[in-house]
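Asks: Everything below, folded, please.
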Amino acid sequence: MQLTLYGDESGTITLCNDPKFKFFYIGMISTEEQKKVKRVFRNAKKAYRKQYRPNRNLTKEFKGSEMSAHMKRFIFEQLINKTDIKFHFIVSDNHHLRKVLREKPHITFNFLIGRFLKRNCCEEYTHITLVLDNRNKSVDNLKDLDHYLSTELIATTNIRSINVLYVDSMQSDLVQIADVFNNLLYRYGNGKRIGESNKCTKEYDDNLATLKMLSNRIQYYLLFPRNNCDFEINY
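Replies: All right, here's what the predicted structure looks like:
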């Protein structure tokens, strides 16, 4: 079977122990109805703008970090009611990573993707495609992840082919949706760790409610390190 994952990242892999840098997130989506998901996403943005923000210019990419909690919920409600979209995520806890992993973000990024696929996808799928934003900050070499996954997974699992594609998110609605989901995770995960004036804290309850709404569509996830990641799944 074939699985295509569209993904983006938030946060950073770092040696810094500031609470706002505690988690690194990789949010992903999958669907068998790519064209329908694109259409519903575009229509949801237009409908939201017409109802709530008539002066907003949507001719450029509308990043998840620019969306309010209310807009994210509106868009995701449309997507889960009208499409087969599924959500997946990885959360890595920087404060519990080995130092060498914190010093080498591109190695850690590759490792996390490989661990996620091994744990969740190797029994059911034989062909996997990853479509990622080409502005991904944790990628040192655009071929590096492809080579790592091919070596790691094809040699030891049922997966027969791995394909990693990098795209301009401005040209990919599905990667944009992954970005919105990723920002939802970021703001939820940081909601209790940053000062009260921060947007993550102010939106915490709303973002938690949205994650609860999505809970039946969250299919695969990885928390790392497995027994020491402090990310709370309260949904």
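Asks: show me where the protein has strands.
Replies: For the chain, the strands defined by DSSP state E occupy 2-11, 23-30, 86-93, 127-133, 161-167, 218-224.
Asks: Do you know the pLDDT at the residue nearest the centre of the chain?
Replies: Centroid-nearest residue in the chain: Gly27, 0.9 Å away (criterion: Cα atoms, centre = their mean). Gly27 carries a pLDDT score of 97 in this model.
Asks: any idea which of the strands of the chain is most buried?
Replies: strand 23-30 (a mean of 25; mean count of other Cβ atoms under 10 Å). Heads up, the C-betas are built off the backbone N, CA and C, glycines and all.
Asks: Dump that strand to CSV, restricted to CA.
Replies: Only the C-alpha atoms of strand 23-30 are listed here, as CSV (Å, rounded to 0.1, in the frame of the first residue of the first chain):
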residue,chain,number,x,y,z
PHE,A,23,9.6,21.1,22.0
PHE,A,24,10.3,20.5,18.3
TYR,A,25,7.2,19.6,16.2
ILE,A,26,6.7,17.9,12.9
GLY,A,27,3.1,18.0,11.8
MET,A,28,1.8,15.9,8.9
ILE,A,29,-1.4,15.2,7.0
SER,A,30,-2.5,12.4,4.7
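Asks: Run the angle between that strand and strand 86-93 for me.
Replies: 170 degrees (axes from the mean of the first three to the mean of the last three Cα atoms, to 10 degrees).
Asks: and strand 23-30, what does it pack onto?
Replies: The helices and strands touching strand 23-30, judged by 3 or more Cβ pairs under 8 Å, 6 or more residues apart in numbering; DSSP states H and E, are strand 2-11, strand 86-93, helix 105-120, helix 173-189.
Asks: Could you spell out the sheet neighbours of that strand, each with its direction?
Replies: strand 2-11 (antiparallel), strand 86-93 (antiparallel) (DSSP bridges).
Asks: Columns distance to Ile80 on top of the strands of the chain, output as a markdown table?
Replies: Shown next, in a markdown table, are the strands of the chain (distance: least, Cβ to Cβ, whole Å):
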| stretch | distance to Ile80 |
| --- | --- |
| strand 2-11 | 16 |
| strand 23-30 | 11 |
| strand 86-93 | 9 |
| strand 127-133 | 21 |
| strand 161-167 | 24 |
| strand 218-224 | 11 |
